[in-house]
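Engineer: The following comprises the amino acid sequence and a computationally predicted model.
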Amino acid sequence: MVQTIITYPTPPSVNYSTDVRVFDEKMQNLVDDMKDTINANSLDGLTAFQIGSMYNIVIIKKDDGNFLELINPRLVFTEGKVTTTETTAYFPGLSAKVTRHEKISVVYEDKELKQHSLRAEGDFSILLQRKIDYTFGSSFINKLDPDEKKRFSVKLEFGSDIAISEYCPTSFNRDKILKVINILMLAMVLLFVYSLFEDNQENLSQLWDFQLYTSFGVLGLNIIYFFYAQYEGKKYTSCTSCQIGNIIGTTIISLVKLSFIMLVSFFFI
Amino acid sequence: MARLVVLGGGVSGHTAATFAAKWLGSAHEVVVVTPNSKWNWIPSNIWVGVGQMSKEDVTFDLAPVYAKAGINYKQAKAVSINPEGSESLEKPFVTIEYTLEGREGESENVEYDYLINATGPKLNFAATPGLGDANGLGEHTVSVCTADHAVHAASELDKCIEKMKAGERQKFLIGTGHGMCTCQGAAFEYIFNIEHEVKKAGVRDMADIKWISNESFLGDFGIGGLHMKSMGFAVSSKIFAESLFTERNVDWMVGAHVSKVEKGSVDYELLDGSTGTESFDFSMLIPPFAGVGLKAFNKAGDDMTSDLFAPNGFLKVDAKYDAGAYENWKASDWPETYQNPTYENIFACGIAFAPPHPISKPMSSPNGTPITPTPPRTGMPSGIIGKVVAHSVCDKILKGSDAPLHKASMAEMGAACVASAGKGIFSGTAAAMTIYPVVPDFDKYPGTGRDTEYTFGEIGLAGHWIKHILHHLFIYKAKLSPGWTLIPE
């Protein structure tokens, strides 16, 4: 019977990596279901875990149409590293660059629980490694390097590989403008505090002039920030949705701060 | 007055003897027979092995502690047991041979009413050619199984670090030295502590570090692996371990039986039947464990060792030794009372009891070489079992021989483990894990045999602090300092 392949974000099961101890009718039905599911979805292989079963079973569809049944498979020998772009039924329509072993040796059991082994390389090696990871409850997401994991997280958010050529960086050039604005406003606050202890009218007049000119500068920088930030945000198509709101909000907060400083400066200096 | 003799003063034997002495008081006698003059907190040997602790930090003299507890301490090794006595001695007795300075080789028969066998294992270096011989560790590799071994390992590590600083690349090979080893956790801790130390020394780029073990998958740890449940996600210990190895740039090889050790290389056989050779400049390989070689004789003086002990040399207890193949294994195969089925006044605890079978899935190569982790009985379970056995014996002495026995099956027992991955107040890391039960119960918890609600793990700096605090806490407890009974096993 064709079973539903569980896809992200539904976790296939909280139980997994359970070795088959007795291959009974229940296990045979599970293997048959896996084969039917592979045929119905034109897959190259499937683990029991992907259809919600906890048992360590991997079924591979060979080029000749026959199936390779691996019960309780274990990866015991590895050699070399290779990075390829992989897809998997758990993340339909998505791909990621995964680094795996180039050559492997796998020990597994047949339906009589008799032990066998096989050596694999190339695409077959990669397929087996991905499927064995599933039997231990893991998709390829745990194999990605940090940068690829960030990229893949974006793909997961958008549900597509298309038009996602980069991931959202955590720091931008616009942040430097914001830093200058904040430093200038801090200087204005300090000058205001100083003015409270200054009695000389001439000095106070100069202080007010300084506050006024600086406020024009801060206002100008806010305008530059507002437009440059939007320009910069548009360069990263994957992370514009939340940026516009963020930029507007940041600009408004900055202007409110400036207005407050100028207001108290006007009345007290 | 009844006499309880405890063979062995390790974690389990020391726990059993000290609690028995407390519960029995001065009305009865507790005798401890151990060949060592010092108690050793073995988990911290890892830090001795990388030069971060001294031997003195992880050991203390037993004599003053036993004097304080009113325990009759005999620094000697047990040679044989006569559970029926002999023609000349009516009561059962243990024959011991002193190791105490000045009395070396002197023999004595120590009569007992109750006997607890807590000898721990013999480090069977001789099982792998080149790993060692009957006298112990060989010359090609190092060990962290004892504090002295760890001191030696630290000095060898220092030499390697000096060579790397001088521009000479070094290869580190850490793991298990035989297909039937346990204690993968200790090797796991050691490999990451070495990685941490070479990084601290600024020579990480000059070090190739590789793991070799008899586990069929990385993260098996001799318990068939575990589910690490953290922050709402469950991940297998295999994935957790592989991530850690990859992150620290440590290569690995599993399903390996080390068949021979030579200077600078090991020969191995894999589960798929293939063989190979791996080179090294520095290697720490855990040896397999065996019973300490105690003999047993009946009243007539005939050898009855095979009646009392399993073929691996560990004492038979109330386990199901004829459980058969893997598919027949049950939680109920595991002992509950640790009482010998033939002699009701003999018990075993810690590594000294014979387990019914492994916990991990049994596997062997096509050549018939068994490559399966043997079950761990160390750490928290060994302390708990030691206390429970002492409780049973004390009840029998104080309430009568019909008193019911206390139970502590590893199939109904949880365990916590903190595995160090580097020492440092701010740079240290350790993986803290709990599993329940230690031995999977496939009937109670279909599938993995464990309760995933109580099986979880986390890695980080806090784990290191816990490990360091536990080091001081357990040594404080073992010294019988005020409030020691309040500290759990």
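Structural biologist: Everything's here; your move.

Engineer: Any stretches of the chain with poor pLDDT?
Structural biologist: Since no chain was named, I'll use chain A. Scanning chain A for pLDDT under 70 picks out A:12-15, A:162-170, A:236-242.

Engineer: that's the wrong chain, I meant chain B
Structural biologist: B:229-234.

Engineer: What's the biggest strand in it, counting residues?
Structural biologist: Ranked by residue count under DSSP state E, the longest strand found in chain B is strand B:72-82.

Engineer: Would you give the sheet partners of it, along with the direction of each?
Structural biologist: strand B:29-34 (parallel), strand B:93-98 (antiparallel), strand B:295-296 (parallel) (DSSP bridges).

Engineer: helices or strands up against the lengthiest helix in chain A?
Structural biologist: Secondary structure assigned by DSSP state H gives helix A:201-235 as the longest helix of chain A. Packing partners of helix A:201-235 (3 or more C-beta pairs under 8 Å, 6 or more residues apart in numbering or on different chains; DSSP states H and E): helix A:174-195, helix A:243-268. Placement of C-beta: from N, CA and C, glycine included.

Engineer: Residue B:335: neighbouring residues, count only.
Structural biologist: 25 (other C-beta atoms under 10 Å in any protein chain shown).

Engineer: Now do the contacts for it.
Structural biologist: Counting by C-beta atoms under 8 Å, 6 or more residues apart in numbering or on different chains, residue B:335 makes contact with B:317, B:318, B:319, B:353, B:356, B:409.

Engineer: Surely it forms part of a strand?
Structural biologist: No - under DSSP: H, G, I helix; E, B strand; the rest coil, residue B:335 falls outside any strand and is assigned coil.

Engineer: what's the residue closest to the geometric middle of chain A?
Structural biologist: With distances taken as C-alpha atoms, centre = their mean, residue A:153 lies nearest the centre of chain A, 2.1 Å away.

Engineer: Going by secondary structure, residue A:96 is in what exactly?
Structural biologist: Using DSSP states H and E, residue A:96 sits within strand A:95-109.

Engineer: hmm, that strand in reach of chain B?
Structural biologist: Yes - contact of strand A:95-109 with chain B (C-beta under 8 Å from any C-beta of the partner chain) involves A:105, A:106, A:107.

Engineer: Now do the buried residues in that strand.
Structural biologist: By neighbour count on 16 or more other C-beta atoms under 10 Å in any protein chain shown, the buried set for strand A:95-109 is A:96, A:98, A:100, A:101, A:104, A:105, A:106, A:107, A:108, A:109.

Engineer: which one is the third one nearest to, not counting chain neighbours?
Structural biologist: What sits nearest to residue A:100 in space, not counting adjacent residues and going by C-beta to C-beta, 6 or more residues apart in numbering or on different chains, is residue A:129, at 4.9 Å.

Engineer: do the same with residue A:212
Structural biologist: In this structure, residue A:212 finds its nearest non-sequential neighbour in residue A:262, 7.9 Å apart by C-beta to C-beta, 6+ apart.

Engineer: okay, now that neighbour: neighbour count?
Structural biologist: Close neighbours of residue A:262, defined as other C-beta under 10 Å, add up to 18.

Engineer: follow-up on the earlier one: and the angle from the longest helix of chain A to helix A:174-195?
Structural biologist: For helix A:201-235 against helix A:174-195, the angle by axes from the mean of the first three to the mean of the last three C-alpha atoms, to 10 degrees is 160 degrees.

Engineer: doesn't residue B:172 fall inside a strand?
Structural biologist: Yes - using three-state DSSP, the assignment for residue B:172 is a strand.

Engineer: list the contacts for it?
Structural biologist: B:160, B:191, B:194, B:207, B:208, B:209, B:210, B:280, B:281, B:282, B:283.

Engineer: of those residues, closest to residue B:447?
Structural biologist: Nearest to residue B:447 among the contacts of residue B:172 is residue B:191, at 30.6 Å by C-beta to C-beta.

Engineer: bridging residues for the closest residue to the closest one other than its chain neighbours?
Structural biologist: Nearest residue to residue B:191, sequence neighbours excluded (C-beta to C-beta, 6+ apart): residue B:174, at 4.0 Å. In this entry, residue B:174 is beta-bridged to residue B:211, residue B:284, by DSSP bridges.

Engineer: how far away is residue B:174 from residue B:383?
Structural biologist: Counting by C-beta to C-beta, to the nearest Å, the gap from residue B:174 to residue B:383 is 26 Å.

Engineer: okay, the two: which has more neighbours?
Structural biologist: Taking neighbours as other C-beta under 10 Å, residue B:174 and residue B:383 compare with residue B:174 leading, 29 against 23.

Engineer: residues of stretch B:474-489 that come out buried?
Structural biologist: Within stretch B:474-489, the residues scored as buried using 16+ other C-beta under 10 Å are B:474, B:475, B:477, B:478, B:479, B:480, B:484, B:489.

Engineer: And the contacts of it?
Structural biologist: Taking C-beta under 8 Å, 6+ apart as the rule, stretch B:474-489 contacts B:14-15, B:18-19, B:22, B:39, B:41, B:58, B:60, B:65, B:68-69, B:380, B:383-384, B:386-387, B:473.

Engineer: among those, which are in strands?
Structural biologist: Those of the contacts of stretch B:474-489 lying in strands (DSSP E): B:39, B:60.

Engineer: List buried residues within the contacts of stretch B:474-489.
Structural biologist: By neighbour count, with 16+ other C-beta under 10 Å, these hold B:14-15, B:18-19, B:22, B:39, B:41, B:58, B:65, B:69, B:380, B:383-384, B:386-387 as buried.

Engineer: which one of these sits closest to chain A?
Structural biologist: Relative to chain A, the closest of those is residue B:380; by C-beta to the nearest C-beta it sits at 23.4 Å.

Engineer: Return the residues in contact with the residue lying closest to the closest one once chain neighbours are set aside.
Structural biologist: The spatial neighbour of residue B:380 that comes closest, neighbours along the chain excluded (C-beta to C-beta, 6+ apart), is residue B:415 at 4.6 Å. Neighbour list for residue B:415: B:379, B:380, B:381, B:434, B:435, B:436, B:438 [criterion: C-beta under 8 Å, 6+ apart].

Engineer: Now with 10 Å, please.
Structural biologist: Residue B:415 makes contacts with B:223, B:376, B:378-382, B:384, B:433-438, as judged by C-beta atoms under 10 Å, 6 or more residues apart in numbering or on different chains.

Engineer: I'd like the distance between residue B:143 and residue B:51.
Structural biologist: To residue B:51, residue B:143 is 15 Å away according to C-beta to C-beta.

Engineer: okay, those two: which has more neighbours?
Structural biologist: Remark: of residue B:143 and residue B:51, residue B:143 carries more neighbours, 27 against 18, as counted by other C-beta under 10 Å.

Engineer: per-domain residue ranges of chain A.
Structural biologist: Following automatic domain parsing, one gets these domains for chain A: A:25-158, A:174-268.

Engineer: From the chain's centre, how far out is the longest strand of chain B? Work that out for me.
Structural biologist: Relative to the centre of its chain, strand B:72-82 is centred 21 Å away, using C-alpha atoms, centre = their mean, to the nearest Å.

Engineer: Pull out the buried residues from that strand.
Structural biologist: By 16+ other C-beta under 10 Å, the buried positions in strand B:72-82 come out as B:72, B:73, B:74, B:75, B:76, B:77, B:78, B:80, B:81, B:82.

Engineer: quick check, nearest of those to chain A?
Structural biologist: Nearest to chain A, judged by C-beta to the nearest C-beta, of these is residue B:81 at 37.2 Å.

Engineer: I'd like the distance between that closest one and residue A:8.
Structural biologist: According to C-beta to C-beta, residue B:81 stands 61 Å off from residue A:8.

Engineer: Equivalent analysis for residue B:352, please.
Structural biologist: Counting by C-beta to C-beta, the gap from residue B:352 to residue A:8 is 50 Å.

Engineer: just the strands in the stretch 301-450 of chain B please.
Structural biologist: B:346-348, B:415-420, B:430-435 (DSSP state E, counting those that start in this stretch).
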